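Chemist: Sequence unavailable; structure follows:
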């Protein structure tokens, strides 16, 4: 397999194009978290567990208090490659047609390559959105596909993963009279505060769970009174109540899904609620490393890509054979990183 430098679109141009493909807003998680470009495919970070200690009063000439050092733990996460390609697509069909007619149309060939590059970039973005949903579901990135199996555990504290065990307290339409979402959010927010010294700002969940909260007796009574006869609280009024109570407000529902090997798969399960900080940079980011394809371009005298520019997605046309075939190929090394996993709280509510 070799990079096809004489294709109608040069690798540098296709790479520049793929990097300019915007993240669609429907990819809510990937669009919301920031990115960091790394010149290494390993992320090292130290987690410091800070304790809110105090000094000690003493008598004059009395013994000095000796404090304790905070506990730290080193973490290392290896970034993973992800890629996708299209073989025998529009580009090759056009080549065959032009060869049959004895002519050429470089503009049409280039347009076909760019179309395929955009499609493949979207596929990489979609997979990263799924990866973010996986990480926010349990604080781990679990991969078991395409011959690779592994897990990156970012260390969400055990008391930041809870499950509503009592059946009539679960957030669903059968428990509107008995579920206690405000009480639950207060309990979880207090646990979050005890860990971080600050409260979560946003709660994200599915539309199914959000609708149950809006129709719950506890919420209706808090907004309108227990004898109001109301059956639902609009999201704006619900979030006003939550702000007044210093509780996390509900963000847009997380209901995205993708086709994975013919199966419709949700980005995040609809029975989860996650509590997040106001600034997602305090929680994590999408890390982009250096792919093997990028290094090939850096080391080639036919590419102007520098090592400093290597991190991020790249796109090339490649040839294999015999039998000879060529295809559009998009390659990347990237994954979600929870740099401060204590800023995440996960609740299974159904």
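Modeler: Arrived safely, thanks for sending. Everything numeric in this text was worked out from a predicted model, so none of it was measured. Numbers count the residues shown, from 1 in each chain.

Chemist: For the stretch 251-350 of the chain, just list every one of the helices.
Modeler: Ranges of helices within the stretch 251-350 of the chain are 292-298, based on DSSP state H, counting those that start in this stretch.

Chemist: Which parts of it are strands?
Modeler: 257-260, 263-266, 272-276, 284-288, 314-320, 325-338, 345-348 (DSSP state E, counting those that start in this stretch).

Chemist: May I see these arranged in a markdown table, with mean pLDDT and distance to residue 126 as well?
Modeler: All C-beta spots, glycine's among them, are computed from the backbone N, C-alpha and C. Conversion of the strands of the stretch 251-350 of the chain to a markdown table gives the following (pLDDT from 0 to 100; distance: least, Cβ to Cβ, whole Å):
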| stretch | mean pLDDT | distance to residue 126 |
| --- | --- | --- |
| strand 257-260 | 92 | 5 |
| strand 263-266 | 94 | 11 |
| strand 272-276 | 98 | 20 |
| strand 284-288 | 96 | 13 |
| strand 314-320 | 90 | 16 |
| strand 325-338 | 91 | 12 |
| strand 345-348 | 98 | 23 |
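
Chemist: and those as CSV, adding mean neighbour count and distance to residue 159?
Modeler: Listed next are these as CSV, based on neighbours: other Cβ atoms under 10 Å; distance: least, Cβ to Cβ, whole Å:
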stretch, mean neighbour count, distance to residue 159
strand 257-260, 12, 30
strand 263-266, 11, 26
strand 272-276, 23, 13
strand 284-288, 21, 19
strand 314-320, 22, 42
strand 325-338, 24, 16
strand 345-348, 21, 9
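
Chemist: Quick one: closest of those strands to residue 120.
Modeler: Proximity to residue 120 (Cβ to Cβ) singles out strand 325-338 among the strands of the stretch 251-350 of the chain, at 3.9 Å.

Chemist: Identify whichever of the strands of the stretch 251-350 of the chain lies nearest to residue 225.
Modeler: Nearest of the strands of the stretch 251-350 of the chain to residue 225, taken as Cβ to Cβ: strand 272-276 at 25.8 Å.

Chemist: Could you grab the helix/strand/coil label for the closest residue to residue 329 other than its chain neighbours?
Modeler: Using Cβ to Cβ, 6 or more residues apart in numbering and skipping residues adjacent in sequence, the residue nearest residue 329 is residue 85, 4.4 Å away. The three-state assignment at residue 85 reads strand, by DSSP: H, G, I helix; E, B strand; the rest coil.

Chemist: would TSV of the strands of the stretch 251-350 of the chain with distance to residue 148 be doable?
Modeler: Listed next are these as TSV, based on distance: least, Cβ to Cβ, whole Å:
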stretch	distance to residue 148
strand 257-260	15
strand 263-266	18
strand 272-276	25
strand 284-288	17
strand 314-320	20
strand 325-338	12
strand 345-348	25
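
Chemist: so which of these comes closest to residue 302?
Modeler: Closest to residue 302 of those is strand 314-320 (Cβ to Cβ; 11.2 Å).

Chemist: Which residue is the nearest non-sequential neighbour of residue 345?
Modeler: Nearest non-adjacent residue to residue 345, counting by Cβ to Cβ, 6+ apart: residue 275, 3.9 Å away.

Chemist: Pretty sure the one you found sits against residue 192.
Modeler: Yes. Between residue 275 and residue 192 there is a contact at 6.0 Å, judged by Cβ atoms under 8 Å.

Chemist: Residue 207: neighbour count?
Modeler: If you count neighbours by other Cβ atoms under 10 Å, residue 207 ends up with 12.

Chemist: no, scratch that, I was asking about residue 243
Modeler: Neighbours of residue 243 under the rule other Cβ under 10 Å: 12.

Chemist: Need the nearest residue in space to it, chain neighbours excluded.
Modeler: In space, and not counting its chain neighbours, residue 243 is closest to residue 249: 6.1 Å by Cβ to Cβ, 6+ apart.

Chemist: Hmm, that neighbour is touching residue 201, no?
Modeler: Yes. Between residue 249 and residue 201 a contact is recorded at 7.3 Å, counting by Cβ under 8 Å.

Chemist: Tell me where the stretch 51-200 of the chain is predicted with low confidence.
Modeler: Residue ranges of the stretch 51-200 of the chain with pLDDT under 70: 51-54, 56-62, 64-75, 88-93, 95-96, 99-103.
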